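A.B. asks: Have a look at this prediction, sequence included:
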Amino acid sequence: MSSVPFQGIIAYPITPFTQDDQVDLTALKALLDKLLASGVHGISPLGSTGVLPYLSDEEREAVTETTLKHISGRVPILVGVSSLTTERTIYHAKFAEKAGATAVMVIPMSYWKLTDDEIVEHYKTVAEAISVPIMAYNNPATGGIDMSSQLLARLLEISNVVMIKESTGDVQRMYRLFETFGSDVAIYNGSNPLALAAFGAGARGWCTAAPCLIPELTLGLYEALSQNDLERGRVLFYQQFPLLEFIVQRGLPRTIAAGLELLGMPMGPLRAPLKPLEQKEVKFLKTLLQRCLKPQSVSIN
């Protein structure tokens, strides 16, 4: 089994756009600098926050290459490479590996519901085409496919599928995987409101867009729990919980884009058909941010 290169907080940047609907690589670099300065332990471009399905192949390649060159090995990079077909997933996985990605993340995407055997074959074929580790991403809310604990266990039998990102919000799935594979299995929480419970269950890290807005709290939670300071961890978690819940309820690209604009770091418009938060939602988001941050650091333009 390949080594597991990630531990702690893996931050998911949004993909910024210019007013004429072009990927804004300059804004992306600025956001990457913000995340690096915050002290996150890894960065993952082209996740759900990065609106992966809405990008062309060329745009995905530009985001991948820009991220890897700009980070330049300062933290490990997990690149999202998912696509509807196995052939395109392999294409993007190979591109990410050649560009220097530490690992790649794959979520099964399909118009037709895939069988377990089709999903296993998909991952196996991708794994055989590359040598870097793979994170299997289970998020039925976005991918439309819910991979059972039994299926995830089958995926972990593939040589370089060594990480699971579990985003269903069902912490029992983590327990079942630990029962099957022991503490060596690398499971990462992808459900923001479940962060405290997930770390308690044994998650190795937290894959989240929250550091784009509140890095001190996300990192503080991880550090407190790493030091077995459960009391401090609970305080930090419940301080950020309403914001974490709102991010999930209203959609990651919408809320992260609106939050960054409130913090004075606009990322441009969303790509259609996505629309920005309504003004009343932005005002509520501002209130949530003020509970997490110093009020004077948040302003609506």
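C.D. replies: Received, thanks. Numbering: from 1, shown residues only.
A.B. asks: going forward, measure contacts between C-alpha atoms and count neighbours the same way
C.D. replies: OK.
A.B. asks: where in this structure is pLDDT low?
C.D. replies: 1-2, 294-301 (pLDDT under 70).
A.B. asks: Just give me the neighbour total for Ala99.
C.D. replies: Residues contacting Ala99 under the criterion other CA atoms under 10 Å number 16.
A.B. asks: Please, where are all the helices along the stretch 151-300 of the chain?
C.D. replies: 171-181, 195-201, 215-226, 230-250, 252-262, 279-292 (DSSP state H, counting those that start in this stretch).
A.B. asks: Give me the contacts around stretch 38-45.
C.D. replies: Residues from elsewhere that reach stretch 38-45 (CA atoms under 8 Å, 6 or more residues apart in numbering): 6-15, 63-64, 67, 75-80, 211, 215-216, 219.
A.B. asks: I misspoke; the intended subject was stretch 98-111.
C.D. replies: Here stretch 98-111 makes contact (CA under 8 Å, 6+ apart) with 5, 64-65, 68, 76-85, 89, 93, 96-97, 119, 123, 132-139, 143-145.
A.B. asks: Now, of those residues, which are buried?
C.D. replies: Applying 16 or more other CA atoms under 10 Å to the contacts of stretch 98-111, the neighbour count classes 64-65, 68, 76-83, 89, 93, 96-97, 119, 123, 132-139, 143-145 as buried.
A.B. asks: What about the residues you listed, which are in strands?
C.D. replies: Counted as lying in strands by DSSP state E, out of these, are 78-80, 134-138.
A.B. asks: Ala127: which of those is nearest?
C.D. replies: Using CA to CA, Ile134 comes nearest to Ala127 of these, at 7.3 Å.
A.B. asks: Tell me which of the helices of the stretch 151-300 of the chain sits most buried.
C.D. replies: Comparing the helices of the stretch 151-300 of the chain by mean neighbour count (mean count of other CA atoms under 10 Å), helix 252-262 ranks first with a mean of 23.
A.B. asks: what helices or strands is that one leaning on?
C.D. replies: Taking 3 or more CA pairs under 8 Å, 6 or more residues apart in numbering; DSSP states H and E as contact, the helices and strands that helix 252-262 lies on are helix 230-250, helix 279-292.
A.B. asks: counting contacts, what elements does the last one pack onto?
C.D. replies: Put plainly, it is helix 279-292. Counting by 3+ CA pairs under 8 Å, 6+ apart, helix 279-292 packs on helix 230-250, helix 252-262.
A.B. asks: how about CSV for these, with distance to Ala198 added?
C.D. replies: Below are those laid out as CSV (distance: least, CA to CA, whole Å):
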stretch, distance to Ala198
helix 230-250, 12
helix 252-262, 20
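A.B. asks: what about the nearest residue to Ser149 once chain neighbours are set aside, distance to Glu179?
C.D. replies: Using CA to CA, 6 or more residues apart in numbering and skipping the chain neighbours, the partner closest in space to Ser149 is Arg173 (6.0 Å). Using CA to CA, to the nearest Å, Arg173 is found at 10 Å from Glu179.
A.B. asks: do Gly39 as well
C.D. replies: Computed as CA to CA, the Gly39 to Glu179 distance reads 32 Å.
A.B. asks: Arg154 too?
C.D. replies: Using CA to CA, we find Arg154 at a distance of 14 Å from Glu179.
A.B. asks: what about the closest residue in space to Thr142 that isn't next to it in sequence, helix or strand, and which?
C.D. replies: In space, and not counting its chain neighbours, Thr142 is closest to Ser48: 7.7 Å by CA to CA, 6+ apart. Using DSSP states H and E, Ser48 sits within no helix or strand.
A.B. asks: I'd like the numbering to begin with 5 instead of 1 from here.
C.D. replies: Done: numbering now begins at 5, and the last item shifts to Ser52.
A.B. asks: returning to that earlier point: for the ones in strands among the buried ones among the contacts of stretch 102-115, which one is nearest Val165?
C.D. replies: Of these, the one sitting nearest to Val165 (CA to CA) turns out to be Ile138, at 4.6 Å.
A.B. asks: so what's the backbone phi/psi at Val27?
C.D. replies: phi -60, psi 130 (degrees, to the nearest 10).
A.B. asks: What sits closest to it if chain neighbours are left out?
C.D. replies: Nearest residue to Val27 in three dimensions, chain neighbours excluded: Phe21, at 4.5 Å (CA to CA, 6+ apart).
A.B. asks: count of residues packed around that neighbour?
C.D. replies: 20.
A.B. asks: Okay, it and Thr30: tell me how far apart.
C.D. replies: To Thr30, Phe21 is 10 Å away according to CA to CA.
A.B. asks: With Arg295 instead?
C.D. replies: Using CA to CA, Arg295 is found at 30 Å from Thr30.
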